[in-house]
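Engineer: Got a sequence here, can you build the structure:
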Amino acid sequence: QVQLVESGGGRVQAGGSLRLSCTASGLSSSSATMAWFRQAPGKEREFVANFFRSGHNTYYGDSVKGRFTISRDNSKNTLYLRMTDLKPEDTGVYYCAASTTIILSSIYTPSRYAYWGQGTQVTVPS
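Structural biologist: Below is the predicted model of the structure:
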(Lines give C-alpha, C1' and ligand atoms only; values in the text may rest on other atoms or scores of the structure.)
Protein backbone atom coordinates (compact mmCIF):
# COMPACT_ATOMS: atom_id res chain seq x y z
CA GLN A 1 0.00 0.00 0.00
CA VAL A 2 1.37 3.36 -1.05
CA GLN A 3 1.37 6.18 1.45
CA LEU A 4 2.59 9.74 1.05
CA VAL A 5 2.88 11.87 4.16
CA GLU A 6 3.55 15.58 3.90
CA SER A 7 4.88 17.83 6.64
CA GLY A 8 6.44 21.24 7.07
CA GLY A 9 3.59 23.57 6.29
CA GLY A 10 2.81 26.60 8.40
CA ARG A 11 2.22 30.31 8.50
CA VAL A 12 5.01 32.55 7.29
CA GLN A 13 5.29 36.22 6.48
CA ALA A 14 5.66 37.36 2.90
CA GLY A 15 9.27 37.06 1.81
CA GLY A 16 9.89 34.16 4.16
CA SER A 17 10.79 30.54 3.50
CA LEU A 18 9.50 27.07 4.26
CA ARG A 19 10.58 23.55 3.44
CA LEU A 20 7.97 20.88 2.85
CA SER A 21 8.70 17.17 3.10
CA CYS A 22 6.91 14.15 1.66
CA THR A 23 7.89 10.74 2.92
CA ALA A 24 6.83 7.83 0.75
CA SER A 25 6.19 4.23 1.67
CA GLY A 26 5.14 1.41 -0.59
CA LEU A 27 6.98 2.85 -3.58
CA SER A 28 10.41 4.13 -4.36
CA SER A 29 10.56 7.90 -4.56
CA SER A 30 13.79 7.57 -6.52
CA SER A 31 12.15 5.83 -9.47
CA ALA A 32 8.58 7.12 -9.42
CA THR A 33 7.52 10.46 -10.81
CA MET A 34 7.08 12.59 -7.69
CA ALA A 35 5.34 15.95 -7.70
CA TRP A 36 4.05 18.81 -5.63
CA PHE A 37 0.69 20.39 -6.35
CA ARG A 38 -1.18 23.09 -4.45
CA GLN A 39 -4.75 24.18 -4.14
CA ALA A 40 -6.02 27.54 -2.97
CA PRO A 41 -9.60 27.96 -1.73
CA GLY A 42 -12.01 28.03 -4.63
CA LYS A 43 -9.34 27.25 -7.19
CA GLU A 44 -8.27 24.19 -9.11
CA ARG A 45 -5.31 22.11 -8.06
CA GLU A 46 -2.17 23.62 -9.58
CA PHE A 47 1.09 21.96 -10.59
CA VAL A 48 4.06 23.26 -8.61
CA ALA A 49 7.08 21.05 -9.37
CA ASN A 50 8.19 17.52 -10.02
CA PHE A 51 10.89 14.98 -10.73
CA PHE A 52 10.10 12.88 -13.77
CA ARG A 53 10.80 9.22 -13.02
CA SER A 54 14.30 8.40 -11.84
CA GLY A 55 16.06 11.14 -13.74
CA HIS A 56 17.45 14.41 -12.54
CA ASN A 57 15.14 16.49 -14.71
CA THR A 58 12.86 18.78 -12.77
CA TYR A 59 9.87 20.80 -13.91
CA TYR A 60 8.29 23.85 -12.31
CA GLY A 61 5.11 25.80 -12.65
CA ASP A 62 5.63 29.29 -14.06
CA SER A 63 4.48 31.01 -10.88
CA VAL A 64 7.16 29.38 -8.72
CA LYS A 65 10.17 29.27 -11.03
CA GLY A 66 13.21 30.81 -9.42
CA ARG A 67 11.66 30.72 -5.94
CA PHE A 68 10.91 27.06 -5.26
CA THR A 69 13.31 24.12 -5.48
CA ILE A 70 12.34 20.46 -5.54
CA SER A 71 14.77 17.85 -4.30
CA ARG A 72 14.75 14.30 -3.01
CA ASP A 73 16.74 12.14 -0.64
CA ASN A 74 16.60 8.61 -1.97
CA SER A 75 18.08 7.16 1.22
CA LYS A 76 15.08 8.51 3.13
CA ASN A 77 12.54 7.97 0.36
CA THR A 78 11.62 11.59 0.85
CA LEU A 79 10.73 14.43 -1.49
CA TYR A 80 11.27 18.07 -0.50
CA LEU A 81 10.07 21.45 -1.66
CA ARG A 82 12.10 24.43 -0.60
CA MET A 83 10.03 27.58 -0.93
CA THR A 84 11.63 31.01 -0.73
CA ASP A 85 10.38 34.57 -1.23
CA LEU A 86 6.90 33.42 -0.35
CA LYS A 87 3.97 35.53 -1.47
CA PRO A 88 0.33 35.68 -0.36
CA GLU A 89 -0.66 34.00 -3.62
CA ASP A 90 1.36 30.94 -2.54
CA THR A 91 -1.21 30.28 0.16
CA GLY A 92 -2.95 26.94 -0.14
CA VAL A 93 -2.85 23.27 0.68
CA TYR A 94 0.25 21.63 -0.74
CA TYR A 95 -0.04 18.03 -1.84
CA CYS A 96 2.56 15.43 -2.66
CA ALA A 97 1.68 13.14 -5.57
CA ALA A 98 3.27 10.14 -7.21
CA SER A 99 2.90 8.00 -10.27
CA THR A 100 4.78 5.01 -11.60
CA THR A 101 3.19 5.14 -15.05
CA ILE A 102 2.77 8.80 -16.00
CA ILE A 103 4.17 10.06 -19.29
CA LEU A 104 6.00 13.34 -19.67
CA SER A 105 3.23 15.14 -21.49
CA SER A 106 0.85 14.48 -18.58
CA ILE A 107 2.93 15.59 -15.60
CA TYR A 108 0.98 18.83 -15.16
CA THR A 109 -2.39 17.04 -14.88
CA PRO A 110 -3.48 16.06 -11.34
CA SER A 111 -5.73 13.24 -12.48
CA ARG A 112 -2.74 11.42 -13.97
CA TYR A 113 -1.22 10.81 -10.55
CA ALA A 114 -2.39 7.69 -8.76
CA TYR A 115 -1.17 8.47 -5.27
CA TRP A 116 -1.71 11.52 -3.08
CA GLY A 117 -0.83 12.66 0.39
CA GLN A 118 -3.26 14.32 2.75
CA GLY A 119 -1.84 17.79 2.17
CA THR A 120 -0.17 20.40 4.34
CA GLN A 121 -1.37 23.99 4.73
CA VAL A 122 0.84 26.91 3.81
CA THR A 123 -0.40 30.37 4.71
CA VAL A 124 1.27 33.61 3.69
CA PRO A 125 -0.79 36.52 5.01
CA SER A 126 -1.15 39.61 2.88
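
Engineer: can you pull up the bridge partners for the most centrally placed residue in the chain?
Structural biologist: Residue closest to the average C-alpha location in the chain (CA atoms, centre = their mean): Trp36, at 1.7 Å. Going by DSSP bridges, Trp36 is paired in beta bridges with Ala49, Cys96.

Engineer: List the contacts of it.
Structural biologist: Listed by CB atoms under 8 Å, 6 or more residues apart in numbering, the contact partners of Trp36 are Leu20, Cys22, Val48, Ala49, Asn50, Ile70, Leu79, Leu81, Tyr94, Tyr95, Cys96, Ala97. All C-beta spots, glycine's among them, are computed from the backbone N, C-alpha and C.

Engineer: show me where the chain has strands.
Structural biologist: Assigned by DSSP state E, the strands in the chain fall at 3-7, 10-11, 18-25, 33-39, 46-51, 58-60, 68-73, 78-83, 92-99, 115-116, 120-123.

Engineer: coming back round to it: mind checking how far the residue nearest to the centre of the chain is from Cys96?
Structural biologist: Counting by CB to CB, to the nearest Å, the separation of Trp36 from Cys96 is 6 Å.

Engineer: Flag every buried residue along stretch 50-58.
Structural biologist: Asn50, Phe51, Phe52, Arg53 (16 or more other CB atoms under 10 Å).

Engineer: pretty sure Phe47 is in contact with Val64, am I right?
Structural biologist: No: with contact defined as CB atoms under 8 Å, Phe47 and Val64 do not form a contacting pair (9.4 Å).
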